[in-house]
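1. fold the following and give me the result.
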Amino acid sequence: MKNHQIEMRLIQRKVCLLGEYAVGKTSMVRQFVEGRFDDRYLSTIGVKISRKHMHWLDQPYNLIIWDLADGDTYRDATNYLRGAAGAVVVCDITRQQTLSAVFTYTAYLRASLPSVSIVVAVNKADLQAQQAIDESDLRRMGSELAVPWLKTSAKTGLGVEMAFTNLVQLMESALT
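-> Residues are numbered from 1 along each chain as shown. Below you'll find the model as predicted:
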């Protein structure tokens, strides 16, 4: 009797990261893709594209991760967003103004891609002593925007993989 294997097709999804300058977008991608952290800050110019192969519910995925440039240049990013199924909007737990920007980025994403799945990563959770964003503000943001959020640390890896796993789950739920 022949041994039959069920072949699962590789699912490819484009994911974009948006957020203000120095919130840790590139560091999150590096931690997720390469499993490492680098303290040197280098501002992203334009877009940096990375790939990550992962499994969710035994299904293979290839995430094409677009790390978009910092700050106000997102207004010029419409072409970069085209075809994205999901986005991680990143803020910095030590800078209150970056939480306000989450509202702007989320509105922009939904206007550009009405069916996009969004997860908010509240990054730099390792800097708890410098936390400038109240838990109540985070809960309010999640409720008002109807998005899941979680604390992450690109430095320690806390929550980084979970942010992307949650996003894959949301993307797949939206497609079924």
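2. looking at this structure, which helix or strand is least sure?
-> The helix or strand of the chain with the poorest confidence is helix 78-81; it has a mean of 86 (mean pLDDT, DSSP states H and E).
3. just checking, what packs against that helix?
-> With contacts defined as 3 or more C-beta pairs under 8 Å, 6 or more residues apart in numbering; DSSP states H and E, the packing partners of helix 78-81 are helix 96-112. Bear in mind the C-beta positions are built from the backbone N, C-alpha and C, glycine included.
4. buried sites along the least confident helix or strand of the chain?
-> Under the neighbour-count criterion of 16 or more other C-beta atoms under 10 Å, helix 78-81 has 80-81 buried.
5. got it, and stretch 124-136?
-> 124-126, 133.
6. what of stretch 145-160?
-> For stretch 145-160, a neighbour-count test (16+ other C-beta under 10 Å) marks 145, 147, 149-155, 157-160 as buried.
7. quick check: end-to-end length of that stretch?
-> Distance across stretch 145-160, first residue to last, is 21 Å (C-alpha to C-alpha, to the nearest Å).
8. what do you get for stretch 125-139?
-> End-to-end span of stretch 125-139 (C-alpha to C-alpha): 16 Å.
9. tell me the mean pLDDT over it?
-> Average pLDDT, stretch 125-139: 97.
10. which residues are contacting that stretch?
-> 91, 93-96, 99, 122, 124, 149, 151-153, 155-156, 158-159 (C-beta atoms under 8 Å, 6 or more residues apart in numbering).
11. among the residues you listed, which pair sits farthest apart?
-> 96 and 156 (22.1 Å; C-beta to C-beta).
12. could you pull out the helices for this structure?
-> Residue ranges of the helices in the chain, as given by DSSP state H, are 25-34, 78-81, 96-112, 135-145, 160-175.
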